[in-house]
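# when you get a sec, could you give me coordinates for this:
(chains A and B, ligands or ions: 1)
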Amino acid sequence: MYQADISATKAFLKGIFERSTTPQGRAWLTQKTELVSSGSAKEKDFYLAFSAAPRFVGKEHLQLTEADLAQADALRAGFNPSRWTADQAARTLLLLSLPAQDADAFVKQVETLFGTADMGEQVALYGSLPLLPYPERFSKRASEGVRTNIGDVYEAVALDNPFPSEYMEEDAWNQLVLKTLFVGKPLYRIHGLDQRSNSELTRMLSDYAHERWAAGRPVSPELWRTVGPFIDEHTIHDIQRLFSQPDELEREAAALACAQSSFGPARELLNSHPDLKQQVESGELNWGYIGRNATMQEPYKVDRT
Amino acid sequence: MNTQNLMLIDPHIHMTSRTTDDYERMRKAGIVAIIEPAFWLGQPRTDVGSFKDYYSSLVGWERFRASQFGIKHYCTIGLNSKEANNEALAEQVMELLPLFIYKEGVVGVGEIGYDDQTPTEDKYYRLQLELAKETNMPVQIHTPHRDKKSGTIRSMEVSLEHGIAPDMVIVDHNNEETVKDVLDRGFWAAFTIYPNSKMGNERMVEVVKQYGTERIMVNSAADWGISDPLSVPKTAALMLERGISLEDVRKVCYQNALDAFGKSGQMHESDWLTPATVDQREKFSGSTVLRGGQTPVVGELENDEGEFGSKFIR
Ligand SMILES: [Zn+2]
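Take a look at the predicted model:
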């Protein structure tokens, strides 16, 4: 029922948590997780501990090494706590300590938390989704999270989180990708983006690009990442246009998109830009590079209308 | 109004019932932080869901709205005495309180106590005192308008009975008749300055002259009724005009509230001394404080929200 080896995951989280809190914070969490997992705790005890966590364990950012991140990914593919804080880790450990044999009871308690959660609590709850049992029961909740207007909460559900690509319906997934662009956040941090590209999403993104161009506004070069494999007789004109943009990043994105396509005219376009083609083939040019650079460039960074 | 640039705190004000313009005027008058006790909505709520959304707004939208004017918003969470008389509903609200008591910016259990002094009010007052004790949170007491003196004494006696230290309890809406009992027992005594009535600011000046500044604080309790969200700055100005020292005014209009509610561990002077940006382009769940054609104020101060700027998606 869990998505990962639960005891190994808890031990890992506990280890990274303990580096970013005080001895008192550690003792507090140990006592609370024991209480919660004992099964003799009242619902109130769990809710109080979940809410109170930052007061006792602080809000330090976790300090993670490359090895920690590799271990996280090995425990649960796509699990990435690199931006987590001590209170978030503590809250996740509390959730993972909750008895979960009874699916309805478990889901009800988590939904009660969602129903009254403040910002920090929402971040912890959405971030924990790839670790919780009965993930299919939280699919709708994740779609709801994408509707938030709170930046930190949005990032917790949409970015560096494998849950949406694995459990969201296609409509909700497409909204997530489009909204990420719309609010100026980076696509390269959406887990499973390439695997879940689809033709409907491609149409939405192309329409969005046209809307922006019509308004004389820049289009993030990351947008073309999901378009690449679906280039057809319509979108090929968008790609042609990209190759003529003054910004280097946009031309690089066009080349990458063509390289993902098996559509004849797209291959021809790429062949007519041998220097870019070479950079793609050598691996020097990739979507991670485009994403990181686009995030840092002012014109693409934010669209807040 | 001249308060010589004093920073002020209003420790009892119901912003839910106030306009956004009030926030603007409050900030200009020197208010840096406020505490909003959970109260009623002018009419009784009929369903636990209304309490849930109300508490959520105290820790959510209202906090955000205040921040747009550079005011730090804190709140106390509780089931008020008027509504405690609906026993079936009160039971459900008691189950809700543990979900809110430790949220960010919650500085106490409040405002609780007696209104009609019924047995049901007594029952839920006591249950909430137990919650405050369990969570080590300050208690903010609403003292009754009718039979005030005995109600005030009873509120204190009952909290002592539950083993709550007097310095963890703020007794609100005092007057000349109750202040001595409250101070003698070691509780915090708060005074509500109502325009034209009850405790006017002229009377407040006399109270401070007579009883000093130890454990005394001033608030507006502004709400749906005719009330003045600038009561604290106006009283501060009058005190200075009447020769009360700047240090004493600072104590009753700022420091004592901070010391009392700071016992929650959720309220620190650094919360408002640390420069923060005011950015009225921000939205909370899609809503903004601005209306058509208004130009947002964007603060020039440092913004430390990380690589994507604001915490809110505009
Ligand atoms: Zn009140």
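# where are the low-confidence patches of the chain?
Reading this off chain A. For chain A, the stretches with pLDDT under 70 are A:298-305.
# my bad, the chain I had in mind was chain B
B:196-199, B:275-314.
# show me the strands in it, by range?
B:8-10, B:31-37, B:72-77, B:106-113, B:139-142, B:169-171, B:188-192, B:216-219 (DSSP state E).
# list the contacts for A:M296?
A:M296 makes contact with no residue, according to C-beta atoms under 8 Å, 6 or more residues apart in numbering or on different chains. No exception for glycine: its C-beta is placed from N, CA and C like everyone else's.
# roughly how far does it sit from the ion?
Distance of A:M296 to the ion, given as C-beta to the ion, to the nearest Å: 49 Å.
# next: A:P162.
Counting by C-beta to the ion - A:P162 and the ion are separated by 47 Å.
# let me know the helix or strand that the residue lying closest to that residue once chain neighbours are set aside is in.
Leaving aside its chain neighbours, A:P162 sits nearest to A:G78 (2.7 Å; criterion: C-beta to C-beta, 6 or more residues apart in numbering or on different chains). Assigned by DSSP states H and E, A:G78 falls within no helix or strand.
# quick one: end-to-end distance for stretch A:73-92.
17 Å (C-alpha to C-alpha, to the nearest Å).
# need the residues of the stretch 151-300 of chain A near the ion, please.
Within the stretch 151-300 of chain A, no position is adjacent to the ion by C-beta under 5 Å from the ion.
# residues of the stretch 151-300 of chain A that sit close to chain B?
For the stretch 151-300 of chain A, the residues in contact with chain B (C-beta under 8 Å from any C-beta of the partner chain) are A:151-152, A:154-155, A:183-185, A:295.
# what is the nearest of the residues you listed to the ion?
Comparing these against the ion with C-beta to the ion places A:D152 closest, at 31.7 Å.
# burial of the closest one, as a residue count?
19 (other C-beta atoms under 10 Å in any protein chain shown).
# what helices or strands is the stretch of helix or strand it belongs to leaning on?
Assigned by DSSP H and E, A:D152 falls within helix A:151-158. Contact analysis of helix A:151-158 by 3 or more C-beta pairs under 8 Å, 6 or more residues apart in numbering or on different chains; DSSP states H and E lists helix A:119-128, helix A:139-146, helix A:163-167, helix A:170-182 as its packing neighbours.
# tell me which of those is the most buried.
helix A:119-128 (a mean of 24; mean count of other C-beta atoms under 10 Å in any protein chain shown).
# can you tell me if it touches chain B.
Yes. Using C-beta under 8 Å from any C-beta, we find that helix A:119-128 touches chain B at A:119-121.
# next to chain A in this structure, residues from the stretch 1-150 of chain B, please.
Residues of the stretch 1-150 of chain B found near chain A (C-beta under 8 Å from any C-beta) are B:52, B:55-56, B:59-60, B:95-96, B:98-104, B:135.
# PyMOL command to pick out the buried ones of those?
Applying 16 or more other C-beta atoms under 10 Å in any protein chain shown to these, the buried members can be selected in PyMOL as follows:
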select buried, chain B and resi 52+55+56+59+60+96+98+99+100+101+102+103+104+135
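# among the residues of the stretch 1-150 of chain B next to chain A, which lie within helices?
B:52, B:55-56, B:59, B:95-96, B:98-100, B:135 (DSSP state H).
# spell out which residues of the stretch 151-300 of chain B are next to the ion.
So the stretch 151-300 of chain B meets the ion at B:A221 (C-beta under 5 Å from the ion).
# by proximity to the ion, which residue of the stretch 151-300 of chain B wins?
Of all residues in the stretch 151-300 of chain B, B:A221 sits closest to the ion, at 4.8 Å by C-beta to the ion.
# once you drop chain neighbours, what's closest to that residue?
Nearest to B:A221 is B:T192, by C-beta to C-beta, 6+ apart, at 4.2 Å.
# what bridges to the one you found?
Under the criterion DSSP bridges, B:T192 forms beta bridges with B:N219.
# what would the ones in helices among the residues of the stretch 1-150 of chain B next to chain A look like in JSON lines with distance to B:Y114?
As requested, these are arranged in JSON lines below (distance: C-beta to C-beta, whole Å):
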{"residue": "B:K52", "distance to B:Y114": "25"}
{"residue": "B:Y55", "distance to B:Y114": "22"}
{"residue": "B:S56", "distance to B:Y114": "27"}
{"residue": "B:V59", "distance to B:Y114": "26"}
{"residue": "B:E95", "distance to B:Y114": "22"}
{"residue": "B:L96", "distance to B:Y114": "21"}
{"residue": "B:P98", "distance to B:Y114": "23"}
{"residue": "B:L99", "distance to B:Y114": "25"}
{"residue": "B:F100", "distance to B:Y114": "22"}
{"residue": "B:T135", "distance to B:Y114": "22"}
